[in-house]
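In: Have a look; sequence and predicted model below, questions after that.
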Amino acid sequence: MREKLQPVFWILRRELIDQLRDWRILFPLIVLSFFFPISMTGIAQSIVGFISRYGAELVIQQLVPFTILAVGFFPSTIALTIALESIVGERERNTIEPLLATPLENWQIYLGKLLSGTVAPVMAVLFALSFYLFLVHRRDVPLPSPGLIAMLYWISVANTLMMISGATFISAQSTTIRSATLSSSFVLLPASFLVMAEANFLFWKDLLPLFWIVMAILLVTVAFLRLGLVYFERENLLGREIDTLNFRRYVRLFWRAFRGEARSVGEWYRYEVRRDLQQLRPALLIFLALFPVSLGLGVYVADTVIKPALETAAPPSIQTEGSSREELYQTLRRILPLSVSGSEEAPAIPLSMGFIFRHNLTSTIFVFFMGLVSLGTMGAFAYLLNIGLLGIVWRGLEWAQLSPLKLYLFGVAPHGIFEIPSMILSFATVFYMGVRLITPSGKPISTILIENLALWARLMVALIIPLLLIAAAVESSLTVFLLKAYLLSIK
């Protein structure tokens, strides 16, 4: 194994020497790693001084972690150009042919290019973070706890690794630097949204979700690495001169994959949809097995994180059974059209069939796009989050001295027998699409993407949308009726 990895380090050494000779790479890295922390320190100090006038010390404590996250993110976005230029740049300059002519294997070339595009950005991020913390400490601005600082380092490095792995794959699949730069938006936009989510958890100093976010980012990084190794072929790199979009061919390919060999709707369900479910069987079994695990994690989070926070915010003396019941009742009253006397009143949230169906369909489509940009991994984490929330609510109902089983029986089970299977099928499909994409098949990546899209569309039309329609109809009628009767009985 050591002999096989030695050529990778040869390529890494060669690329690093070239990078250190190029002032166009060094100058932006030095500016962002040195001057950006200085400017951010001045901004942070001025904001802290302004906030201190009004005694908002809590806001100051939450502000510094956010500025640390920003200092770690911006240098990595500029350093992304190193990875974007690593393969397609040499191809445009006609300097990659000698490397491709060597007896090195494809994975050795790709891994060497990936590592060479990783070293400088990671070093720039680490230096910027350390330098910024030093400056903040010198100016007597309160620093976060050591645990939170360590988590911020992990988050910044993980974000950088994910963006570099995605940018290197884009560089290997592009024909020009211009197309690679434009395609980098598929990396920068999800990364920006991810930083916003991380900033939200940082504001509340919630380290457990941040830990799981880091694990998800590292999993996406490994998936991008696998994707690049699967589709990097030197023959295609030299033979492809220009990217073309043949929409008619793509539409025909999509329709052929969507329809399959079926000649009627019955054959389509009998053969094509049935075959899809057989292919999804391993993924479905995995997500079914994760269902009780997710519930258990939700209960664990409720006991170890949420309950201590509630006890800190509200003393036990005021956490009575009656107040918990009344608070729950008033919360559900905003949603359900009920009152104590049984007379109807307009709900704050209209639980109509159309509203419920649109909400569930939008969530399903969002999961699809989230899984598409993360190769299915974020879809799996979203599934864990959704089922985990049921566990958190279960424990919360027990704290309120209510029966979770009865409330779930009346408020979830009627429509859940249709909605939960559709949710599991949707998440399993997105996960299977990601696994299929990073599995070697001998087909071009564009063909795999279109076939995956056809698979998702076929299951949406055949099973998921009908199940969501039935669930919305049941939830807007039977579930509301049963839940209203149960809440009036406990009132």
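Out: Thanks, I have the structure now.
In: The stretch 351-491 of the chain: helices as residue ranges?
Out: In the stretch 351-491 of the chain, the segments counted as helices under DSSP state H, counting those that start in this stretch are 353-373, 377-399, 404-411, 413-437, 445-459, 465-474, 480-490.
In: could these be laid out in a markdown table, adding mean neighbour count?
Out: The way it works is simple: take the backbone N, C-alpha and C, and place the C-beta from them, glycine included. Compiled in a markdown table, the helices of the stretch 351-491 of the chain are given as follows (neighbours: other Cβ atoms under 10 Å):
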| stretch | mean neighbour count |
| --- | --- |
| helix 353-373 | 17 |
| helix 377-399 | 19 |
| helix 404-411 | 17 |
| helix 413-437 | 21 |
| helix 445-459 | 18 |
| helix 465-474 | 19 |
| helix 480-490 | 16 |
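In: possible to save those as a markdown table with mean pLDDT and distance to residue 308?
Out: Converted to a markdown table, those look like this (pLDDT from 0 to 100; distance: least, Cβ to Cβ, whole Å):
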| stretch | mean pLDDT | distance to residue 308 |
| --- | --- | --- |
| helix 353-373 | 89 | 30 |
| helix 377-399 | 84 | 13 |
| helix 404-411 | 85 | 21 |
| helix 413-437 | 92 | 30 |
| helix 445-459 | 91 | 41 |
| helix 465-474 | 95 | 35 |
| helix 480-490 | 79 | 27 |
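In: Just put these in a markdown table and tack on distance to residue 73.
Out: Output for those, formatted as a markdown table (distance: least, Cβ to Cβ, whole Å):
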| stretch | distance to residue 73 |
| --- | --- |
| helix 353-373 | 18 |
| helix 377-399 | 19 |
| helix 404-411 | 41 |
| helix 413-437 | 25 |
| helix 445-459 | 28 |
| helix 465-474 | 37 |
| helix 480-490 | 44 |
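In: Quick one, which of those helices gets closest to residue 153.
Out: Closest to residue 153 of these is helix 377-399 (Cβ to Cβ; 21.7 Å).
In: got a list of contacts for the closest one?
Out: For helix 377-399, contacts defined as Cβ atoms under 8 Å, 6 or more residues apart in numbering pick out 212, 216, 219-220, 223, 287, 290-291, 293-303, 306-307, 324, 328, 367-368, 370-371, 403-404, 407-408, 412, 423-424, 427, 430-431, 434.
In: Quick one, which of the helices of the stretch 351-491 of the chain gets closest to residue 257.
Out: Nearest of the helices of the stretch 351-491 of the chain to residue 257, taken as Cβ to Cβ: helix 445-459 at 3.6 Å.
In: The closest one packs against which elements?
Out: In terms of contacts (3 or more Cβ pairs under 8 Å, 6 or more residues apart in numbering; DSSP states H and E), helix 445-459 is packed against helix 247-259, helix 274-279, helix 413-437.
In: CA atoms only for it - export them in CSV, please.
Out: Extracted in CSV, the C-alpha atoms of helix 445-459 (Å, rounded to 0.1, in the frame of the first residue of the first chain):
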residue,chain,number,x,y,z
ILE,A,445,-22.4,10.6,-15.0
SER,A,446,-25.0,12.5,-17.1
THR,A,447,-26.8,9.3,-17.9
ILE,A,448,-26.8,8.2,-14.2
LEU,A,449,-28.2,11.5,-13.2
ILE,A,450,-31.1,11.3,-15.7
GLU,A,451,-31.9,7.7,-14.8
ASN,A,452,-31.9,8.8,-11.1
LEU,A,453,-34.2,11.6,-11.9
ALA,A,454,-36.5,9.3,-13.8
LEU,A,455,-36.5,6.8,-10.9
TRP,A,456,-37.5,9.6,-8.4
ALA,A,457,-40.2,10.9,-10.7
ARG,A,458,-41.6,7.4,-11.3
LEU,A,459,-42.0,6.7,-7.6
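In: Could you quantify the relative orientation of it and helix 413-437 as an angle?
Out: On the basis of axes from the mean of the first three to the mean of the last three Cα atoms, to 10 degrees, helix 445-459 is oriented at 160 degrees to helix 413-437.
In: How about residues contacting helix 445-459?
Out: Contacts of helix 445-459 (Cβ under 8 Å, 6+ apart): 173, 231, 250, 253-255, 257-258, 272-273, 276, 368, 425-426, 429-430, 432-433, 436-437, 441.
In: List the contacts of the nearest residue to residue 354 once chain neighbours are set aside.
Out: Computed as Cβ to Cβ, 6 or more residues apart in numbering, the closest residue to residue 354 that is not its neighbour in sequence is residue 472, at 7.7 Å. Counting by Cβ under 8 Å, 6+ apart, residue 472 makes contact with 353, 354, 356, 357, 360, 415.
In: possible to save these as a markdown table with distance to residue 89?
Out: Shown next, in a markdown table, are these (distance: Cβ to Cβ, whole Å):
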| residue | distance to residue 89 |
| --- | --- |
| 353 | 54 |
| 354 | 51 |
| 356 | 51 |
| 357 | 48 |
| 360 | 45 |
| 415 | 54 |
